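Q: Structure for the following, please:
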Amino acid sequence: MINGFKQFILKGNVIDLAVAVIIGAAFGAVVTALVESVLMPLISLLVGQPNFDDFLVFGPVRIGVFLTAVINFLLVAAAVYFVVVLPMNAMIERRNRRLGIGPKEEPADPSVVLLTEIRDALKAQQSRP
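A: Numbers count the residues shown, from 1 in each chain. Got it, this is the predicted structure:
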């Protein structure tokens, strides 16, 4: 029983997952700071208030709180995409070009090649007087 637990803990997947969770938590703080300290103040300059919590309040129903959460989600998603994903994809693409790695062309399906030849032959036959 102890050996099984030891093997489970020492597997690469568990360690990788633990590292991902720790890095994710640390990166979450960076993204939260970007959204709360940079993006939301910019929106408040445009709209006049930092959130929509007091917008569309009908007794206990506060639609503005939901709107604020949706906007925060979109801002976090945009921050992650534009600050992490796009630069990372560009870096990977540059590295792949430098190393000569690219999308591999799949060999054409013989059926498709044959059908293309038949189509071309029929077109050539129709164009002859």
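Q: Identify the residue nearest residue 72 in space, chain neighbours excluded?
A: What sits nearest to residue 72 in space, not counting adjacent residues and going by CB to CB, 6 or more residues apart in numbering, is residue 35, at 6.4 Å. C-beta: built from backbone N, CA, C; applies to glycine.
Q: What is the burial count for that neighbour?
A: When neighbours are counted by other CB atoms under 10 Å, residue 35 registers 21.
Q: wait, doesn't it sit right on residue 78?
A: No - between residue 35 and residue 78 there is no contact under CB atoms under 8 Å: 9.1 Å.
Q: got the buried residues for the helix or strand bottoming out on mean pLDDT in the chain?
A: In the chain, the helix or strand scored least confidently by mean pLDDT, DSSP states H and E is helix 2-10, which has a mean of 78. Buried residues in helix 2-10, counted by 16 or more other CB atoms under 10 Å: none are found.
Q: Stretch 51-68 now?
A: 51-52, 62, 64-65, 68.
Q: can you map out the strands along the protein?
A: 57-58, 61-62 (DSSP state E).
Q: who does the last one pair up with?
A: Here strand 61-62 is paired, per DSSP bridges, with strand 57-58 (antiparallel).
Q: still on that earlier bit, mind checking which of the strands of the chain is nearest residue 11?
A: The closest of the strands of the chain to residue 11 is strand 61-62. By CB to CB, the value is 46.1 Å.
Q: these two touch, right, residue 96 and residue 89?
A: No - using CB under 8 Å as the test, residue 96 is too far from residue 89 to be in contact (10.4 Å).
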